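K.L.:
model the following, please.
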Amino acid sequence: MNKGNLMNNTKTRRKGSMLQDSLSKLKYFLVLAFLLVVPMQAMGQSFDYLPIVDQTDTGVDRLVVPFDTRERDTFIQVTNTASEKVNIHVQVFDVNSIFRECEECNFDDMLTENDTHVYDVENMVTNSGPGITNGGEEECSRPAGTYGFVVISLEAGFPRSSLIGMFRIIDEAGYEYRANAAGTEDTIFQDISQGMVVNFSRANGHNLADLIGITYRPENERSVSAAPNIITTFGSQSPFDEVLIWDEDEDDTSCSPTTFACAVGELNRGIDDSLPNSRGQLNRVCSDNVLSNNIAGWLDLPFSGFTCAGVECRAHFVGYIGLNNGDGTGSMDSWWEVGEQEILTLGGPSIQ
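P.N.:
Residues are numbered from 1 along each chain as shown. Next up is the predicted model:
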């Protein structure tokens, strides 16, 4: 596989399609994929503060993408849409590192105005050249056989909402996942959605699934934290909050509650027995083979909450779903979730 050509194709293909929509802020409010919550100073009345998290065709402050080097190559593109340079902080979380589960490596980088850079996860090289890194980009290169996620954040004080990005994950067999990066931006928007669903299909020979759920805790503007004990939970034993899997005949089957965290078996799941995880991990959301006679369906995943070391905490969640048959060209889709809702009071700070 010629990585040089792949990186050039990634940059050429993505830059045009992202920038052509960079001014389409209105569309952002009409096609929400994610809703999360972060703190904000109250402004005269009580309201819920729900910044948008979505695939980025418009600029944001933080990008969140998965990576996978288990017989796959991963390329992550980031573009600065501002008319001046920006400094960024790159964090790589390796779920199954040989040293520590959910090991973090990080470095600093810089993008000039309207600049685009592509990171090869197995050979991380900064855009700015040597001298600006903190920890070293070479140390953050991930060896084959690893998986996890990457977070790219704007440094404080630089033009806000200026990052856009995408990723490509390519199997050795040729199958490709690609999608815009999920990202956050500070926008007041009321959450009126009730459904939290993942749509999927076995059509066209799809028989493998990657249901990726990234849970992280924002520490400050430039960094986040993730660990096996920072967890998102969906569903409960209550009949009103069950995880349900629906087939195309609109018949549902209940499933056990499920969790996502930066831990082996907790980041990348399969759907059910007919759509298992593409890397062979035995961590399906639903254990019954409910799609044996059907080709399509969807998961209803009621959000239960975030926990950190066993207690409720403020965290964020980003989800991606990819289906593949191991041979062909494909893409990933995003699925959204809400963060912990923080109620703001008149004249006072947000609840932490």
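K.L.:
now name the helix or strand holding P143.
P.N.:
Assigned by DSSP states H and E, P143 belongs to neither a helix nor a strand.
K.L.:
where's it relative to Q91, distance?
P.N.:
In this structure, P143 and Q91 are 18 Å apart, going by Cβ to Cβ, to the nearest Å. Quick note: C-beta positions are derived from backbone N, CA and C, even for glycine.
K.L.:
which one's more surrounded, those two?
P.N.:
The neighbour comparison of P143 against Q91 (other Cβ atoms under 10 Å) goes to Q91, with 21 against 11.
K.L.:
for the more buried one, give me its contacts.
P.N.:
E104, C105, N106, V150, V151, I152, S153, S223, V224 (Cβ atoms under 8 Å, 6 or more residues apart in numbering).
K.L.:
now with 10 Å?
P.N.:
Neighbouring residues of Q91 by Cβ atoms under 10 Å, 6 or more residues apart in numbering: 64, 104-107, 140, 149-153, 216, 222-226.
K.L.:
pull out the buried residues from the residues you listed.
P.N.:
Listed as buried from the contacts of Q91 are 64, 104-107, 140, 149-153, 216, 222-226; burial here means 16 or more other Cβ atoms under 10 Å.
K.L.:
from the contacts of Q91, which land in strands?
P.N.:
64, 104-107, 149-153, 216, 223-225 (DSSP state E).
K.L.:
format these as TSV; extra columns: pLDDT and distance to S278.
P.N.:
Output for these, formatted as TSV (pLDDT from 0 to 100; distance: Cβ to Cβ, whole Å):
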residue	pLDDT	distance to S278
V64	94	20
E104	96	25
C105	95	25
N106	94	28
F107	93	29
F149	98	16
V150	98	19
V151	96	23
I152	96	25
S153	95	29
Y216	93	23
S223	93	30
V224	94	26
S225	96	28
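K.L.:
so, low pLDDT: which residues of the stretch 101-250 of the chain?
P.N.:
129-138, 185-195 (pLDDT under 70).
K.L.:
send the alpha carbons of the one helix or strand T74 maps to over as CSV?
P.N.:
Assigned by DSSP H and E, T74 falls within strand 72-80. Only the C-alpha atoms of strand 72-80 are listed here, as CSV (Å, rounded to 0.1, in the frame of the first residue of the first chain):
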residue,chain,number,x,y,z
ARG,A,72,-5.5,-1.3,8.9
ASP,A,73,-4.0,2.1,8.1
THR,A,74,-5.4,5.3,9.6
PHE,A,75,-5.0,8.8,8.3
ILE,A,76,-6.3,11.9,10.1
GLN,A,77,-6.6,15.2,8.3
VAL,A,78,-7.0,18.6,10.1
THR,A,79,-7.5,22.0,8.4
ASN,A,80,-7.2,25.5,9.9
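K.L.:
walk me through which strands the helix or strand following it pairs with, and which way each runs.
P.N.:
Note on strand 72-80: by DSSP H and E, the next helix or strand toward the C-terminus is strand 86-96. Strand 86-96 sits in its sheet next to strand 101-111 (antiparallel), strand 147-154 (antiparallel), going by DSSP bridges.
K.L.:
ok, which of those comes nearest T69?
P.N.:
Evaluated with Cβ to Cβ, those place strand 147-154 nearest to T69, the distance being 6.8 Å.
K.L.:
before we move on, back to that, can I get the strands paired with strand 86-96 in CSV including distance to N207?
P.N.:
Output for those, formatted as CSV (distance: least, Cβ to Cβ, whole Å):
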stretch, distance to N207
strand 101-111, 29
strand 147-154, 20
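K.L.:
nearest to T10, of those?
P.N.:
T10 lies closest to strand 147-154 among the strands paired with strand 86-96, at 14.5 Å (Cβ to Cβ).
K.L.:
tell me what angle the closest one forms with strand 72-80.
P.N.:
10 degrees (axes from the mean of the first three to the mean of the last three Cα atoms, to 10 degrees).
K.L.:
how about strand 147-154 as PDB, C-alpha atoms only?
P.N.:
Taking only C-alpha atoms (Å, rounded to 0.1, in the frame of the first residue of the first chain), the coordinates of strand 147-154 have been written out as PDB:
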ATOM      1  CA  TYR A 147      -6.700   1.000  18.300                       C
ATOM      2  CA  GLY A 148      -8.100   3.900  20.100                       C
ATOM      3  CA  PHE A 149      -8.900   7.600  19.300                       C
ATOM      4  CA  VAL A 150      -7.300  10.900  18.700                       C
ATOM      5  CA  VAL A 151      -8.400  14.300  20.100                       C
ATOM      6  CA  ILE A 152      -7.100  17.500  18.400                       C
ATOM      7  CA  SER A 153      -7.800  20.700  20.400                       C
ATOM      8  CA  LEU A 154      -7.200  24.400  19.700                       C
END
